[in-house]
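[1] Mind folding the following:
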Amino acid sequence: MDKDKKIISTNIILVGYAGSGKSHWGKKLAKFFSKEHVDLDFAIEKAHGKSIQEIFDSHGEEEFRRVEAEVLRSLDLNDLVLSVGGGTPAFHENMNLLLNKGFVVYLELSLNSILHRLKNKRNNRPRIKSLSEDELSTKIQSDLKERVPYYERAHLTVKSEDLKLQNLANAILEKH
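    Next up is the predicted model:
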């Protein structure tokens, strides 16, 4: 590890809406802080031998949320960076668990930025794959109204538009 890098001894947990950069920044923060990165969606797929899409298609969102909470609780949350799904904090008391298991960072993104990032990536997102652009905008607005109160409970909120790794790492080190 570089001598100017600081050690953070707790888990770093990234929350925020789909497209906010949780997986992207999770990988970069893990490398920066010499931690393992775990993406909850990949952990769910590995544990159940099905893609997120397959779980949604065969069992619906309610069952997916139950599975998601089960896998989250089964993870060995020890010295890692965890990226969770956009809805994870809003179900099954997951946000309370996350707040107790690490330093939670909300990657905040404007509605327009979310829409821009997601409109061409709908096919691999089961909740929005069949929506028109107008329907997608309405869905995002509705979801944000429901989810932002959970996201805002994070230990740190960072605007994720034009974010730089060093700035994100410094903000975590300052607040932690």
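[2] Going by C-alpha atoms from here, please, whenever you check contacts or count neighbours.
    Will do.
[3] Tell me the helices and strands packed up against the lengthiest strand in the chain.
    Assignment by DSSP state E gives strand 103-108 as the longest strand of the chain. With contacts defined as 3 or more CA pairs under 8 Å, 6 or more residues apart in numbering; DSSP states H and E, the packing partners of strand 103-108 are strand 12-15, strand 156-159.
[4] most packed of those?
    Of all those, strand 12-15 carries the top mean neighbour count, a mean of 28, counting by mean count of other CA atoms under 10 Å.
[5] After it, which helix or strand is next?
    Using DSSP states H and E, the next helix or strand after strand 12-15 towards the C-terminus is helix 22-32.
[6] just how off-centre is that following helix within its chain?
    Distance of helix 22-32 from the chain centroid (CA atoms, centre = their mean, to the nearest Å) equals 11 Å.
[7] got the buried residues for it?
    Buried positions in helix 22-32, judged by neighbour count with 16 or more other CA atoms under 10 Å: 22-23, 25-30, 32.
[8] Then stretch 32-51?
    Of all the residues in stretch 32-51, those buried under the rule 16+ other CA under 10 Å are 32-41, 43-45.
[9] Name the nearest of these relative to residue 135.
    Of all the buried residues of stretch 32-51, residue 41 has the smallest distance to residue 135: 24.3 Å, by CA to CA.
[10] sorry, back to before: reformat the helices and strands packed on strand 103-108 as CSV; add distance to residue 126 and mean pLDDT.
    Putting those into CSV (distance: least, CA to CA, whole Å; pLDDT from 0 to 100) gives the following:
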stretch, distance to residue 126, mean pLDDT
strand 12-15, 19, 98
strand 156-159, 26, 98
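[11] Please identify which of the ones you listed is closest to residue 113.
    For residue 113, the closest of these is strand 156-159, at 11.0 Å, according to CA to CA.
[12] So which bits of the helix or strand following the closest one are buried?
    Note on strand 156-159: by DSSP H and E, the next helix or strand toward the C-terminus is helix 165-175. Applying a neighbour-count criterion of 16+ other CA under 10 Å, one finds 168-169, 172 buried in helix 165-175.
[13] Stretch 79-94 now?
    By 16+ other CA under 10 Å, the buried positions in stretch 79-94 come out as 79-90, 94.
[14] distance between the ends of that stretch?
    19 Å (CA to CA, to the nearest Å).
[15] and of the buried residues of helix 165-175, the nearest to residue 70?
    Closest to residue 70, out of all of the buried residues of helix 165-175 and judged by CA to CA, is residue 172, at 27.7 Å.
[16] need the contact list for the closest one.
    By CA atoms under 8 Å, 6 or more residues apart in numbering, the contact list for residue 172 reads 105, 156.
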